[in-house]
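K.L.:
What would the 3D arrangement of this be:
(one chain, ligands or ions: 1)
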Amino acid sequence: MRFNILDAVSDLKVKKSIADKLSINEMAKQVVSIGFECVRCGECCRARSGDNTVILFPDEIQLIVDTHGMTPDEVCEPSIPQFIDDSGTLHCFEWVLNRHSNGDCIFIRVDNTCMLYQQRPWICSTYPFFLAFTNGAIKPDIKVSECRGVGRPIKKEDAIKLAELLKGRLLAEITEETRLLENLKGFEDWEPIRDYSSQGYQGYTIAVHDSSGMTYITD
Ligand code: SF4
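P.N.:
Below you'll find the model as predicted:
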């Protein structure tokens, strides 16, 4: 399959210019009308209530490494491989926060507090909200994931903080994806992996692509 990187990057440039102009007040009003208060149930960090994958960008990994004295591989692992090249190397886009064997995030404490609270990734600090360009919409919509705290009253100042975080996250995602794609030049021809479950990592060399370039991991 031939993937057109230039088209994808120019699409992201358009999205960035739209994201730059998003009104914090308008988004905060929407957050107030939806309502949210964290009830400290910890469900979003645990596996029992569904997908708790947290994608991490290089600067987020570095912040955790620096603040908590951990190594990168103690913090995260490669995401699910997206394609395999002619030499048999599996290629992944971005990293995923490590989870225990039961699927729970390694940073959730028994009392449901987060060990990373001040350095938690964008996905965690904006949960259960995210911004997405869906169905060809010109502007991104505020989407809401499943969460027990949705619908509870939220103060205007907290809604403003959340709106600022949502905008920051969207801009960070667009910037990260743009850089990743620019670094992907030379990998335009690839076959997507459709059934990863039968693939597994074992015995493969993994290449992880992100905004900083490509990292090879061998067994
Ligand atoms: S980093 Fe913190 S907020 Fe994010 S999933 Fe882990 S425990 Fe939850």
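K.L.:
if I look at Asp7, how far off is the ligand?
P.N.:
33 Å (C-beta to the nearest ligand atom, to the nearest Å). The C-beta positions use only the backbone N, C-alpha and C, and glycine is treated the same way.
K.L.:
Please name the nearest non-neighbouring residue to Ile34.
P.N.:
Once flanking residues are discounted, Ile34 sits nearest to Val144: 6.1 Å by C-beta to C-beta, 6 or more residues apart in numbering.
K.L.:
Strands of the chain, start to end?
P.N.:
55-56, 76-78, 83-84, 90-93, 95-97, 129-132, 141-144, 191-192, 206-210, 213-217 (DSSP state E).
K.L.:
The last one pairs with which strands, parallel or anti?
P.N.:
Meaning strand 213-217. Applying DSSP bridges, strand 213-217 is found paired with strand 206-210 (antiparallel).
K.L.:
longest single helix anywhere in the protein?
P.N.:
Identified as the longest helix of the chain according to DSSP state H is helix 156-183.
K.L.:
Remind me what that helix packs against, helices and strands.
P.N.:
helix 5-20, helix 24-34, helix 122-126, strand 129-132, strand 206-210 (3 or more C-beta pairs under 8 Å, 6 or more residues apart in numbering; DSSP states H and E).
K.L.:
Ok, which of those comes nearest Cys76?
P.N.:
strand 206-210 (9.5 Å; C-beta to C-beta).
K.L.:
got the contact list for Asp20?
P.N.:
Asp20 is in contact with Leu171, counting by C-beta atoms under 8 Å, 6 or more residues apart in numbering.
K.L.:
What distance do you get for it to Thr175?
P.N.:
Separation of Asp20 from Thr175 (C-beta to C-beta, to the nearest Å): 11 Å.
K.L.:
ok now the helix or strand of the chain with the lowest mean pLDDT, how far from the chain's centre?
P.N.:
The weakest-scoring helix or strand in the chain, judged by mean pLDDT, DSSP states H and E, is strand 191-192 (a mean of 76). Mean C-alpha position of strand 191-192 versus that of the full chain (C-alpha atoms, centre = their mean, to the nearest Å) differs by 22 Å.
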